[in-house]
Each structure stands twice: as C-alpha cells, then as structure tokens.
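Engineer: Sequence unavailable; structure follows:
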C-alpha cells in the first residue's frame, strides 16, 4: 500500500542553511544542548532495537535520555504503510531529560511511507533532517518507485532536509539478508552523528546478542562499523551533546520493567494477569525473572480470573498483584469491590491506554482516574497512586504493597503507555529489607478478637489469615458485622462502611504535602498527575526564566489526597490542571459553564476544595509536549 | 508471636476433632434442601480425616449452595458470583498447605463461571470441587439454569426451557487434564460421603457433581429416582466405590466400572436415566499445577536481594572506570 504525501499538517519553514559541502575528514561537531532523533521502519525491521540501543549507549556516555517507543497497533501491519511505522524516538540531552520533548530534529526512515505517518501527526520539526533509505527509488514496482519519488520531492519542497542513503545496498556488502541488519548499520551512523564512543556500540551489541553465537555478534559489529564509517565519509554534519557521567550507578529501564522490578522488590510473590497491551510487558519481564526469586506469574484465563486469583492468593497469604490496562481494569471492577468489602490487601496496576472500549491500545491517555477512584458499585474506597517518572514506577509498587497490607486495602497504581515504554536513567535503587512483605503471620488469634475488630477512629483491624488457630471465620462479600457474619441491619451496614471509609482518612493523615515546583505563590499554579510531570516542569522552568509567575504541583496520591493542597492553591491567582484526558473546550459553540465537562483531576479538585480550578487537556494519543504546555500556560496567564 | 516448632508438631499429633468442631451456625437452607445432606457429609469427612479447622478452607461463589462456608467452623471465603474457582486457585497457589474445598452451584459454575470451570480442570490444582446441581436458580427465585432440562417451566421460561440442559459430566470429561470426576445424589448419604471422601483423597482437582433436590422450586424433579432404586445405577469397582451389603441390597442396578477407563466414563456420563452414581474417572498421574509452579517456597531476604541485585546489574550504567562490572545478560 502506498499513499502519496499530504503535508498540510506541517507549516514548513525555509530550509536552514548548513554546510552542504561534503567534508569527509576534519568535520567539526556542532555542540548541542539537546536533540531528538527517531528511527522508524516497518514492523519487524528492528528500528525499535536500534533506538533502544542508542538510548542505552547515550546513557552510558552520560547523556540525559528519554526514549519513547513508536508502536503500531498490529503485530505485522502491511509493509510500507503509513499507520504501520514502528520505531523509537530518543531525546538526548546534556543534563537530565524528564520527558519526550517537542518535535523531532533528525529521523532515520527505512521507507517513505512510515515516515509519512510521522509527518502527518506533526511529530517532525519543519526543517527536520531526514535520512531516508533510497533503495525504493530503483524499485522494480513502478508504483513504489513513483510513490517514493513523489514523497521525496514533496518533503524536500516542504523544507525538510532529506538525505538519501543506500542503507540496504551498503549492508549487502556485509550480510546476505540486509533487511535484518540494517538497524545496526543505522545505529552505527547515529553513533557517528552524535560522536558516541563506538566501543560502547560494540558492547551494546554483545549485550543484545550475548545468548547467540559469536558469528551473530561479529556480523552485527561489522554492520555497526560500516554505518559509522559511511556516515563519517558521506555526511557533512556531526553533533556533540556534552555529557557528564554520573558519579553513582544509574539504571536504564522502561516504566513497565520498573513496575516489574518493583513487584520483585516489594516481596510480593504472586502476580496474576491476562495479556493486554500496553501492560503485558510487565508480566513478560516478571515471567522471566520472578521465579528466580521464588515468585509466580499466573496467566489466568481472563481478567476476572486474574483479579480473583490474586485476591484468593492475597487473602490466604502475602499481598498479591494483578496487572492490566483499561478494558481489563473495567472487567475487574466487581472483584475489586469484593477485595474492598472483605478488606483484602491487593495491588492492581493499571497501565492506562486510550479508551473507552478497545480505544487506542498503544497510545497514551490518562483516562482512568475516575474509574480507579470510584470504580466498582457502591461505596468502594481504595487508594490510587500515580507514578510520574520511570523511577516512580519502581518505588510506587513497593509503596502500594506496603499500604495494601498496612490498611488492608486495594491500592491502584495508575501508570500509562508513555511511562510503560519510555526509558530514562535513574539512580540504582539500594535494596532495603524494609521493602519486603513480612512472612505470613500464623500466630494464634487471641480469644475474643473478632475478624473485623474495627478501630472506631481509624477503621483499621487486624487481618485474619487462614492457618491462624482461633481465627476461623468466613469472609463474605455480603454486608457483615465485626464477626464477619452476614448482617443486613442498618447499624452494621453503616458502621462497616464507615470503617472502610475511615481507613482512607487514616492514611491521608500520614501523607506529606507534595512540594511546589517553583515559587510557593504566584499568578498561576499548574497541577498535573502521572506521566506529564517532566513536560509540565520543563514548560514551567522555561516560562519562569522569562519572568512568568507560574509554578506547578504534581500529585502522586490521587486518593486520598495529601493534606495542604488547598492552601497551596489559595496562594495562586489562578489554578489549572493539565491532563491527558477529555475536557470540553469552553470555546466550543455548544459548551458553557453549565455543561462543560472538566478533566478528571480538575473535577476532583473543584469538588473537594471548592476552588475554581480550570483545566486544559488533550487526547491525541501522544505525550503532551512541553511547548504545548508553554502555549497553554501563556494563554491562561493572558486571560483576565 | 510465633509458635515453637515442637509445640506445632505435638499439636498435630494430639488433635482429634468432633463434628461440633466443624459446625457453625444454623443452616438457613430450606427444609429438605439437598445442601443439608452435603453439609453433613462434609462435616463427617472433616472429622474422620481430623482436618485441622484452621488449615481448612471452603471457597464458594454466590447462590444457595454458596452459603456453605458460613456453616463450617473453618476458614471460609464467600466471594462473588461465578468466581469461586479462581479464588480457590489463588488460595492454593499461595498456600499449598491448606485443604481447599469449593462449593459451587449449577449457575455459579456452569453459567457465569463457566470459563473458570474449564480452566480449573486444566490447572488440576489439588482441591475438591462440589457442584451442587439442583438444575434451577434458587436464591433469585426460580429461573432456568444451564442444567435445567428442556421443557422446564420457570420464571424466565414460562412456556418451558427451550434448550437441552448442559451436562456437567460430559463437559468436564472433555477437558484436557481432567483427573477425577464423580457423580453423587444427595438422597443416598452413604454413597455421597464415600464419593466426597474419595474426592478428598485424590491429588488433583476432584470434580463431584451432586444432584441436589430443591424442595422450594422443583419439589418433584427427582421424585421418580428416589422412589425407584432401579433408576439409579451405582458404579462400583475395586479401584472405585465399594458398596456396603445393605446398600447393595437396595440398589441392585450396578455396574462394574473401572475409573481409569475414560472412554467408558464418557459414555456413562451421557446417561441420564438411570442416573449413574459413583466415580466415573480417576487418574492420579495428572500433574498438579501448584507443583509445576513450585508454589509455597520459603524465600529468604538474602535470596530475594541477590536475585534483585543481579537483575539490576543487567540495567546498570556504572560510573566511569567501573564499566567492567556490566556483563552481557547470560
């Protein structure tokens, strides 16, 4: 399938003038503070591996890195299709990089169709440098050749700096199946372009192919070298992003791996799951490592079984975890209500994707906050925390397990697609024994103690665990009294609901007020949650440097909310949330204050604190860019 | 507070239990409900096997039969509709040391929880599953269930059920890894007890379908079978059920059936009249999921720490000069 170009989405700028003369030797590298690079190919051509490797090499160089996977929804989309592009986007920086940044500066594309997908979504800078596989120009299929030429010409006309590169031809000089080796050739080119130490590239190949035989490593290293040499000889530019190597060890992983490591480090032993994008890679990684430390990943027959299996495991032993995404999270609701009712500790990880229904499985959205807080019928109080960084993903699971077992509650960890597949270095965690769940208490229950001996103030009660002599009782999802006897009388029902509710208040009292980013008072406070933190803080930093009185606040605890938030909001003239979920635009014709639907967090803040919190949101399936946030903030500051 | 190991062992040897040790509350089932007979048989089993109440768990879903755990003085889990099996699986995976029983009804198991039923058989975890099959929804007041016979009039099928009833025995016997299938009837308590006992002793998932009377909604359903002993065919075998002399005198319709013969078991499973009662299939060799997964391991902090650190090593970028610590993943 070939589509012709329609570059109406981008507003081309005149082509930037750069040294066009080939200067094979003695090129001087242009120093940059940051750069965004993409590698994009058909699915299965290895662009993702190339990008991940580049990210790892950059991190080893000491650069700040944020990588984002570009994932098509299908496993094998048709070759050369606009929607089928697969790859990786890496933001490289001198200092720490906290988000994916704005538009892309440089792209390597294995064909012009997958590139079009990126052009049309407005992901590329107007004068972006494009390194394009040129083999299509000579394609035997006249339609392909024509499509390539047409696209190429229009991209050039639109202002992109297109450099055609015969990648496959060059690779064929080294390996028979050039289609499979091209990604390492591309990696070599990028190592050259960014002045990376080629030895780190070779080490990376050894790391990737370590399990395979030496000939595989050898041929990939040859491809890497060839790419590096080709770029050195033929490209007229070279960059250098000064790096400072960290003095402490850093780990480079994506958010889902961090969640899985968190499960491991929390001492939880059972994870029950059902495959669902984009959460599945948590269980992939766990499956490969968990059993080494005595854990079990159970792939259940469906989402409901996964949740109830985890509940059964939790009830009878240590807290267990189930991992899912939106549709699966919906399916688990009745079971989550059971865990709330029975006061069974449970950690539920929801890696949010676009919804409702099947929605956008591979795209980012923050659409599940309300479901997480209010999901399940009746009053079902549960704790909801949202990691904001890759590092948070790791620690949030440990925190979640601890809260779940301390308060006998369900704790929902709300990650999202953006965190799931983005990589960012963070300090290597120092293992602490305190992270681990205690061993299963099998001591005798003292006579007279009841299965739900709710503390009248906090609602807390000791959890009875099977095996404890004297603790025999039947847990039930029916309304029950403190003996766990089915009870429909008005007093029992109300007092048990009160007890379960007060546990949230008891937890809330222990929370610290989150820090304000920027001055503690000013014209505008931007509030966010989840994966938008890096982008919001970057935008705030830029605007503060320009003298704007804007600060931001990022909430990890969405339910309960930490104390002191109202007081923070009151110190600002205006408050706005920025979120990746739906809110009606007040400027739309049919929208007015009486029917406007606010973003989830804004709605919560408004109802909880009676403050006129505005919101801005987008649901474009892409991480929100710092430049977008800057624009939104400026507009909000301008409003009277 | 922990108990001394020797004290634990002493207790294990010393304890002997009476029926009262397993009885809790007054069952709220209707007079004449078959669930009462099942409860009596199970309490007797617990006593005869000296099952420690704190180490014994009854897991149920929703429905009349799922009230069962409330009447046992053991640990119980009365969960949500259709999900008794996955809850029980989680319990067993987390605590292989517990004796796990599941009480589920024909709506709970064969309708809303049907997916779990199929997979529970395949997992073959060591637990005893009792399907209380009264062929009607009782707690919600007389709706047709998947096992209701065709033509049965109910509140949702006032002109008679349109479809043939689902046969839980043939379904169960058709699933990979099936290891124990039996059928009992609530009105022959001696055989009911013997079957549940055999099921308890089987290592793996034992599935016992118990035809159970519902005096409230289907008072006549099993009348012909109760009055004519020839309408019950007892399956006997040296590897299966052995009948007492008294019982043999009453129930003359018998068949020698080798429970290792799955083909004959499937034929028998299809019979509805006379009702086959006994052990249809038994295969002690089928692997048990919790053992395949090495459930119940004791893990030391050091063990977890070393596993965790070696994982982190794979992803670590060491400060300059320390790069050699990073090994390619083995």
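Structural biologist: Structure's in. What do you need? All values reported here derive from a predicted model rather than from experimental measurement.
Engineer: and whichever residue of chain A sits closest to chain B, how far is that from residue B:18?
Structural biologist: Nearest to chain B in chain A, going by Cβ to the nearest Cβ, is residue A:312, at a distance of 2.6 Å. The way it works is simple: take the backbone N, C-alpha and C, and place the C-beta from them, glycine included. Distance, residue A:312 to residue B:18, using Cβ to Cβ, to the nearest Å: 29 Å.
Engineer: Settle it for me: which of those two has more neighbours?
Structural biologist: residue A:312 (32 against 9; other Cβ atoms under 10 Å in any protein chain shown).
Engineer: What are the phi and psi values at that one?
Structural biologist: Main-chain dihedrals, residue A:312, degrees, to the nearest 10: phi -60, psi -40.
Engineer: That one against residue B:84, yeah?
Structural biologist: No: contact between residue A:312 and residue B:84 fails when scored by Cβ atoms under 8 Å: they sit 9.4 Å apart.
Engineer: what is in contact with those two at once?
Structural biologist: residue B:59 (Cβ atoms under 8 Å, 6 or more residues apart in numbering or on different chains).
Engineer: just the helices in the stretch 1-150 of chain B please.
Structural biologist: Counting by DSSP state H, counting those that start in this stretch, the stretch 1-150 of chain B has helices at residues B:5-14, B:34-49, B:84-94, B:106-107, B:114-123.
Engineer: quick check: domain ranges of chain B?
Structural biologist: Here the domain parsing of chain B from automatic domain parsing is B:5-292, B:300-330.
Engineer: Would you single out the least confident of those?
Structural biologist: Among those, domain B:300-330 has the lowest mean pLDDT, at a mean of 76.
Engineer: quick one, helices of the stretch 51-200 of chain A?
Structural biologist: Going by DSSP H, counting those that start in this stretch, the stretch 51-200 of chain A shows helices at A:112-120, A:142-157, A:167-172, A:178-193, A:198-208.
Engineer: Pick out the residue nearest the middle of chain A.
Structural biologist: Centroid check for chain A by Cα atoms, centre = their mean gives residue A:419 as the closest residue, at 1.2 Å.
Engineer: wouldn't that residue be in contact with residue A:391 here?
Structural biologist: No: taking contacts as Cβ under 8 Å, residue A:419 lies outside contact range of residue A:391: 10.3 Å.
Engineer: Okay, now the unreliable bits of the stretch 201-350 of chain A?
Structural biologist: Applying pLDDT under 70 to the stretch 201-350 of chain A flags no residue at all.
Engineer: all helices of it, in order?
Structural biologist: Using DSSP H, counting those that start in this stretch, the helices of the stretch 201-350 of chain A run over A:214-234, A:255-265, A:280-289, A:303-316, A:326-331, A:333-342.
Engineer: give me every residue that touches the residue of the stretch 51-200 of chain B found nearest chain A.
Structural biologist: Across the stretch 51-200 of chain B, the shortest distance to chain A (Cβ to the nearest Cβ) belongs to residue B:90, at 2.6 Å. Listed by Cβ under 8 Å, 6+ apart, the contact partners of residue B:90 are A:270, A:272, A:308-316, A:320.
Engineer: before we move on, what about residue A:352?
Structural biologist: With contact set as Cβ under 8 Å, 6+ apart, residue A:352 has these partners: A:325-326, A:364-368, A:414-417.
Engineer: Pick the most buried one from the helices of the stretch 201-350 of chain A.
Structural biologist: Compared across those, helix A:303-316 shows the largest average neighbour count, a mean of 31 (mean count of other Cβ atoms under 10 Å in any protein chain shown).
Engineer: residues near the closest residue in space to residue A:109 that isn't next to it in sequence, how many?
Structural biologist: Once flanking residues are discounted, residue A:109 sits nearest to residue A:115: 3.9 Å by Cβ to Cβ, 6 or more residues apart in numbering or on different chains. By the criterion of other Cβ under 10 Å, residue A:115 has 28 neighbours.
Engineer: Equivalent analysis for residue A:610, please.
Structural biologist: Counted with other Cβ under 10 Å, the neighbours of residue A:610 add up to 9.
Engineer: pLDDT value on it, please?
Structural biologist: Looking at residue A:610, its pLDDT is 98.
Engineer: gap between it and residue A:575?
Structural biologist: Distance from residue A:610 to residue A:575, by Cβ to Cβ: 12 Å.
Engineer: again, but for residue A:634
Structural biologist: Taking Cβ to Cβ, one finds residue A:634 at 16 Å from residue A:575.
Engineer: returning to what we had before: okay, the domains of chain B in TSV with distance to residue A:255 next?
Structural biologist: Conversion of the domains of chain B to TSV gives the following (distance: least, Cβ to Cβ, whole Å):
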stretch	distance to residue A:255
domain B:5-292	26
domain B:300-330	13
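Engineer: I'd like to know which of these is closest to residue A:498.
Structural biologist: Relative to residue A:498, the nearest member of the domains of chain B by Cβ to Cβ is domain B:5-292, separated by 22.3 Å.
Engineer: chain center to that closest one: distance?
Structural biologist: Relative to the centre of its chain, domain B:5-292 is centred 6 Å away, using Cα atoms, centre = their mean, to the nearest Å.
Engineer: Provide a list of residues in contact with the most centrally placed residue in chain B.
Structural biologist: With distances taken as Cα atoms, centre = their mean, residue B:129 lies nearest the centre of chain B, 0.5 Å away. Neighbouring residues of residue B:129 by Cβ under 8 Å, 6+ apart: B:85, B:101-102, B:104, B:109, B:120, B:205-208.
Engineer: cool, and residue A:377?
Structural biologist: Contacts for residue A:377 were tallied using Cβ under 8 Å, 6+ apart; they are A:333-334, A:337.
Engineer: Output the set of residues of the stretch 101-250 of chain B in proximity to chain A.
Structural biologist: Proximity of the stretch 101-250 of chain B to chain A (Cβ under 8 Å from any Cβ of the partner chain) is limited to residues B:115-116, B:118-119.
Engineer: change it to 6 Å
Structural biologist: For the stretch 101-250 of chain B, the residues in contact with chain A (Cβ under 6 Å from any Cβ of the partner chain) are B:115-116, B:119.
Engineer: okay, those residues in JSON lines with neighbour count next?
Structural biologist: Output for these, formatted as JSON lines (neighbours: other Cβ atoms under 10 Å in any protein chain shown):
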{"residue": "B:115", "neighbour count": "16"}
{"residue": "B:116", "neighbour count": "29"}
{"residue": "B:119", "neighbour count": "18"}
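Engineer: Let me have the residues you listed in CSV, extended by distance to residue A:403.
Structural biologist: As requested, those are exported to CSV (distance: Cβ to Cβ, whole Å):
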residue, distance to residue A:403
B:115, 32
B:116, 29
B:119, 31
